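Novice: model this:
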Amino acid sequence: MIRWLTLLVTTSLLVPPALGAELEGTLKKIKSANAIALGYRDSSRPFSFVGEDGKPAGYSVHLCTRIAASIGKELALPNLKVNWVKVTVADRMQQVASGKIDLECGSTTASLSRQEQVDFSLLTFIDGGSLLVTDASGIRGISTLGGKRVSIIPGTTTEKSLNEALKKHGVTVTFVPVKDHEEGVATLDKGTADAYASDRVILIGVGRTSKDPAKLSLADDFFSYEPYGLMLRRNDSAFRLSVNRALAALYRSGDIVPIFEKWFGSMSTAGQLIGAMYLINGLPE
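Specialist: Residues are numbered from 1 along each chain as shown. Sure thing, here's the model as predicted:
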C-alpha cells in the first residue's frame, strides 16, 4: 500500500502542470493542432528580423523558440510544429487578439494602454527612445531638434514619448511618417529626414544596415522608458503561466546569458538595469 502511494505521488509530481487539469484556451488550441503560431517582424534588428537564410531570427525569436520547446515538453508534444507568421507594427496587436498568432516575438513595449487589448509576458528587455541622426544635421539631442525633420513610425509609444519630450523642451519638428525601421533608415540615407526616432538598441541594429553607417550617429538623449514583453491574448492565465515559466527558468538558470551574448555582445556590456531585470523576473518555481 505504501509503495502504491509513493508511486502515485511521484507520478503526479512528474505530470506537467498544464496536464493536471483539463486544457483550455491557447494551450488547448496548441495541443489539438500540435502547432504553435509565433509572430515575427522582418526588420526589427536585433530582436526580430529575417536572417540571411530567409528565416526569422533575433533575440525575441530566440526566446520564443525556447518557449515553444518548453510548452511542447509541458504538453507532451515532442514534435510540436512552429508556424512563423509575419506581423507589422500596424497589425501586431490585432494578430494576437484575433488568434492569428499565439505569441508575438518582437520589440513591443508593455504599456498599460496596450493591456486593454492584449496581455504581456514577463519583461524580456528594457530600452529607451533615442535618435539616430545624420552627422551633417548637427543634432545632439532633443534640445537641438528645432526645425529638423524626424522620421518615425506612427502609433508607437516612441511617437507619443517624443511628442511629450518636444513639448517639454519647446521644440517644433517636421515628422516624416514611415512604415518600419528599414524605411526609417532609408530616409536618412536619402536625405529626406535628419533623424530617425526609435528605441536605442533597435537604432544600433538597424543603423548598421545603412548604405553609409559612418555618416550616422546616436544622440545622447533617452526620452522614454520602453520595457519589452511578448504579446499574448488577454484572459488566458494558463498560457501566460506557461510562457512565464519558460522565461523565468531561462533567467534563473543563467541560460539567458549565451542568448543575450549571441544578439548583443558580451553580457558585461548589458548594464545593471538589464541584469536587474533578469534577476527580478527569474521567479522561483
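Novice: If you count contacts, what does the lengthiest strand in the chain end up packed against?
Specialist: Longest strand in the chain by number of residues (criterion: DSSP state E): strand 119-127. In this structure, strand 119-127 packs against helix 59-74, helix 200-207, strand 226-232, helix 237-253, helix 272-281, with contacts taken as 3 or more Cβ pairs under 8 Å, 6 or more residues apart in numbering; DSSP states H and E. To be clear about C-beta, it is placed using only N, CA and C from the backbone, and glycine gets the same treatment.
Novice: can you tell which of these is closest to residue 96?
Specialist: Closest of these to residue 96 is strand 226-232, at 4.8 Å (criterion: Cβ to Cβ).
Novice: Which among the helices and strands packed on strand 119-127 is found nearest to residue 137?
Specialist: Closest to residue 137 of the helices and strands packed on strand 119-127, according to Cβ to Cβ: helix 200-207, at 14.2 Å.
Novice: so how far is that closest one off the chain centroid?
Specialist: Distance of helix 200-207 from the chain centroid (Cα atoms, centre = their mean, to the nearest Å) equals 14 Å.
Novice: got a list of contacts for the longest strand of the chain?
Specialist: 47, 59-60, 63, 103, 107-108, 110, 114, 199-202, 225-236, 240, 243-244, 247-248, 251, 273-274, 277, 281, 283 (Cβ atoms under 8 Å, 6 or more residues apart in numbering).
Novice: Measure how the helix or strand that comes right after that strand sits relative to helix 200-207, angle-wise.
Specialist: Next in sequence after strand 119-127, counting helices and strands by DSSP states H and E, comes strand 129-134. Between strand 129-134 and helix 200-207, the angle formed by their directions is 30 degrees, by axes from the mean of the first three to the mean of the last three Cα atoms, to 10 degrees.
Novice: contacts for strand 129-134?
Specialist: 139, 141-142, 145, 150, 157-158, 161-162, 165, 184-185, 188, 191, 194-200, 203, 206-207, 215-219, 221-224, 226.
Novice: What residues of stretch 162-181 count as buried?
Specialist: In terms of neighbour count (16 or more other Cβ atoms under 10 Å), stretch 162-181 has its buried residues at 162, 165-166, 169, 173, 175-176, 178, 180-181.
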